[in-house]
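Participant: 3D model of this:
(one chain, ligands or ions: 2)
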Amino acid sequence: MRDIWSDIDNVLIDEITLQTRIKAMATQIEADYAGKDDLLLICVLKGAFMFLSDISRALKRAHSVDFMGISSYGKGTTSKGAVQIIMDLKAPIEDRNVLIVEDIIDSGRTLDYMTRSLMARSPASLRICTLLNKPARREIDVQVDYVGFDIPDEFVVGYGLDFDELYRNLPFIAVLKPQVFAHLLL
Ligand code: IMP
Ligand code: MG
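Facilitator: Ligands and ions are numbered 1, 2, ... in the order given. Just a heads-up that it's a prediction; the model follows:
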């Protein structure tokens, strides 16, 4: 079995810093949606599953959750361009107050695609909440309403984010040792 712990180069955002920031984000969201009865969180799978579960628990107000599977990455660490819905929402979002919950915004392609496809379904409102943001990598401008952390242009794993489907279970955000990527032609 692969020892995922020995693949870590350094921890970029530790567990306590993550959890503290997520609670503050939830407080902000509660204030912004205070006048609304309805709030639907849409988790972008797979990367945002852990962030969704923590932000959902941090929100004391009523809300519902749904899930959408999006694929844009191949095996490497750079986006391959084409974005696809691989699992759609369970229910319509017409007239709902929708908040997209995403793990990370890199080129912006995934959220640009999602925003356009969800707007076509006539929600009452649509906002974006991302745990991580890599502003240096943006190719398409997207309007982001809540950002946990701006991070440098480095490939990160943990807390839901993967490399080659591993490391999602790490409770913090980390950078891998360069030799982990050595077998890939990047
Ligand atoms: P974008 O479409 O280029 O903005 O990429 C967004 C998606 O790519 C995210 O939802 C992640 O799933 C994935 N991604 C981008 N950067 C990273 C990273 O540093 N680590 C792991 N996944 C990433
Ligand atoms: Mg994602």
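
Participant: how about the helices of the chain, start to end?
Facilitator: Secondary structure of the chain by DSSP state H: the helices cover 15-32, 49-58, 109-119.

Participant: Residue 1 is nearest to which of those?
Facilitator: helix 49-58 (21.4 Å; Cβ to Cβ). The C-beta positions use only the backbone N, C-alpha and C, and glycine is treated the same way.

Participant: Enumerate the positions of that closest one that are buried.
Facilitator: Buried residues in helix 49-58, counting neighbours by 16 or more other Cβ atoms under 10 Å, are found at 49-52, 54-55, 58.

Participant: Can you get me a residue count around residue 167?
Facilitator: Using other Cβ atoms under 10 Å, residue 167 is surrounded by 22 other residues.

Participant: can you pull the contacts of residue 37?
Facilitator: residue 62 (Cβ atoms under 8 Å, 6 or more residues apart in numbering).

Participant: before we move on, what about residue 48?
Facilitator: By Cβ under 8 Å, 6+ apart, the contact set of residue 48 is 101-103, 131, 160.

Participant: What residue, apart from its backbone neighbours, is nearest residue 118 spatially?
Facilitator: In space, and not counting its chain neighbours, residue 118 is closest to residue 126: 5.8 Å by Cβ to Cβ, 6 or more residues apart in numbering.

Participant: same deal with residue 19?
Facilitator: Nearest non-adjacent residue to residue 19, counting by Cβ to Cβ, 6+ apart: residue 54, 6.9 Å away.

Participant: Now do the contacts for the one you found.
Facilitator: Taking Cβ under 8 Å, 6+ apart, one finds 18-19, 22 in contact with residue 54.

Participant: Sort out which of the residues you listed are buried, if you could.
Facilitator: Neighbour-count burial (16+ other Cβ under 10 Å) is assigned, among those, to 18, 22.

Participant: Which single one of the contacts of residue 54 is nearest to residue 179?
Facilitator: residue 18 (26.1 Å).

Participant: Surely that closest one and residue 159 touch.
Facilitator: Yes. Under the criterion of Cβ atoms under 8 Å, residue 18 makes contact with residue 159 at 6.4 Å.

Participant: Understood, closing this out.
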